[in-house]
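>>> how does the following fold in three dimensions:
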Amino acid sequence: MKPSLKAFFLPVFAAGYLLSFQVADARGVPDGFTELTKALSPAVVNISTAQNIEVSSVVPLYPEGSPLEGFNDFFNKDNGQSRVSKSLGSGFVIDGEGYVVTNNHVIEGADVIEVIFPDGETFDAELLGRDPSTDLALLKIEDEEPFPSVNFGDSDAIEVGEWVMAIGNPFGYGGSVSAGIVSARNRSINHGAYDDFIQTDVAINKGNSGGPMFNMDGEVIGVNTAILSPTGGSVGISFSIPADLAESVIDQLREYGETRRATIGIRVQEVDRKLAKTLKFDAPKGAIITRVKKDTPADKGGLKVGDVILKVGDTDVPSERALFRIIAETKIGEAVDIEVLRKKRTKIVSVTPDRLKEKVTKDNLKGDKEDPDMADKDVMGISVEALSDAVRKDHKVKSETQGVRVTRVSSKSPAAGKLLPGDIIEQVNFEDVVTPQAFEDAISDADENGLDVTFMINRDGNFIFYSFEVS
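Below you'll find the predicted structure:
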């Protein structure tokens, strides 16, 4: 069976928890995990959620007077009612005041969220903010007494081969402890633009999502978030969100109720070994610009297609994946110097980043509201759908990709044999289309003006242009 990524996410945050034991050599082989477990377990919680789901009819009603009319009530007895879907995950308290970190996918769509401590004490939780891009969420619980909590550590300091330990709620068995070592750093699993996972061989299973990964100093160095498995159970390949990334996201959710990332409006590709050799680099580094969007900070600042971005501010750009994380953390509205290689010469370009438009804000914690522009469309025999969070997750569409996804192409369509289901249409007649309604409007405008339509297609990261007559 082909291995598949299963998203089982966990929390990583902590603050104000004083450990009363000494670790002689945090990087050596531990004598055991008993003292760490006793000290840390009180701050690791179970997350229980419930969601009301409307039950609709799955069988068409027979007309009045039909001999089969009596079956209407039998087959559709639950129509108009609702059922409750429940799920379990993990989390951890990062502040004695009751701030709890978990995964976004643990609480997404929930109508009720409860935080359950190891002693069984249960608290109703308020969702303060969530970030689908990094799969993190922040909850708040209240009590007269301070809660036990843990602290974030320096995930950049963690090294391959170091011992780590996870505490969580696998398959509903709360308070479960597992341990292992760091297997690799800086892993991408095609989850999104900010992938930078810590890989471990710690046993992580469904229900561990949102729980913490600790180093031997008792600090949270990662939030467990995914596993690679052919069975859905742990086979020793698990991934955690680095604490340094998680902490910056959680700080924003705590302060603003939403993330506030910067963007400059470019598309880039990796500088591979062949390109690095051509550029006379000792090793691959940086990211080469493949597109500069019109009227964006990059366009206004003078960045050009073909520029190789080497540094943003004082931060070197080691790779294409790292670039978006670096830009996202720059200050919005403040100019930053970007060092590029242009025609074999280095050049400094000043760019003032804009704020990235996020899908989830403090006023819209459950995500995209019902929007008629997002409804599926069928135009020219081409059926398209919006790139919702669910579509991106199901079809592994990167968060930076914008457009509409092709779901079907009629055999009678002028696009038959060219467009394929799964293609992302990013532009129509060289204008961006980000909703199915915008796609339909662009084709209608071309038809009214007697023009052909040209699509820019993103097919697995490769861009293709096709022109068709409107029919």
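>>> tell me the domain ranges of the protein?
1-76+83-258, 262-355, 372-468 (automatic domain parsing).
>>> highest mean neighbour count out of those?
Among these, the stretch with the highest mean neighbour count (mean count of other Cβ atoms under 10 Å) is domain 1-76+83-258, at a mean of 19. To be clear about C-beta, it is placed using only N, CA and C from the backbone, and glycine gets the same treatment.
>>> what's the closest of the domains of the chain to residue 365?
In terms of Cβ to Cβ, the element of the domains of the chain nearest to residue 365 is domain 1-76+83-258, at 5.6 Å.
>>> give me the secondary structure label for residue 350.
For residue 350, the secondary structure call by DSSP: H, G, I helix; E, B strand; the rest coil comes out as strand.
>>> show the model's pLDDT score for it.
With respect to pLDDT, residue 350 has a value of 97.
>>> separation between it and residue 283?
For residue 350, the distance to residue 283 (Cβ to Cβ, to the nearest Å) stands at 28 Å.
>>> check residue 276 too.
Taken as Cβ to Cβ, the span from residue 276 to residue 283 is 6 Å.
>>> could you work out the end-to-end span of stretch 259-278 for me?
Length of stretch 259-278, first residue to last, Cα to Cα, to the nearest Å: 39 Å.
>>> how far away from the center of its chain is it?
19 Å (Cα atoms, centre = their mean, to the nearest Å).
>>> quick check: mean pLDDT across that stretch?
Rounded mean pLDDT across stretch 259-278 is 92.
>>> likewise for stretch 293-309?
94.
>>> now do stretch 461-471
85.
>>> three-state assignment of the residue nearest the centre of the chain?
For the chain, residue 133 is the residue whose C-alpha lies nearest the centre (Cα atoms, centre = their mean; 2.9 Å). Using three-state DSSP, the structure places residue 133 in coil.
>>> my read: it touches residue 194, true?
Yes: between residue 133 and residue 194 there is a contact under Cβ atoms under 8 Å: 5.9 Å.
>>> now the helices: where do they sit in the stretch 301-450 of the chain?
320-328, 389-395, 436-448 (DSSP state H, counting those that start in this stretch).
>>> save those as JSON lines, and put in mean pLDDT too.
Formatted as JSON lines, the helices of the stretch 301-450 of the chain follow (pLDDT from 0 to 100):
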{"stretch": "helix 320-328", "mean pLDDT": "91"}
{"stretch": "helix 389-395", "mean pLDDT": "84"}
{"stretch": "helix 436-448", "mean pLDDT": "86"}
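>>> so where's the stretch 51-200 of the chain shaky on pLDDT?
Counting by pLDDT under 70, the stretch 51-200 of the chain contains low-confidence residues at 53-85.
>>> re the thing from before, for residue 361, find the nearest of the domains of the chain.
domain 1-76+83-258 (4.6 Å).
>>> now the residue nearest to residue 315 when sequence neighbours are not counted: how far from residue 279?
Distances taken as Cβ to Cβ, 6 or more residues apart in numbering place residue 326 nearest to residue 315, at 5.3 Å, with adjacent residues excluded. Here residue 326 is placed at a distance of 20 Å from residue 279 (Cβ to Cβ).
>>> and what of residue 381?
44 Å.
>>> residue 442 is in contact with residue 377, correct?
No: Residue 377 lies out of contact with residue 442 (Cβ under 8 Å); the separation is 11.0 Å.
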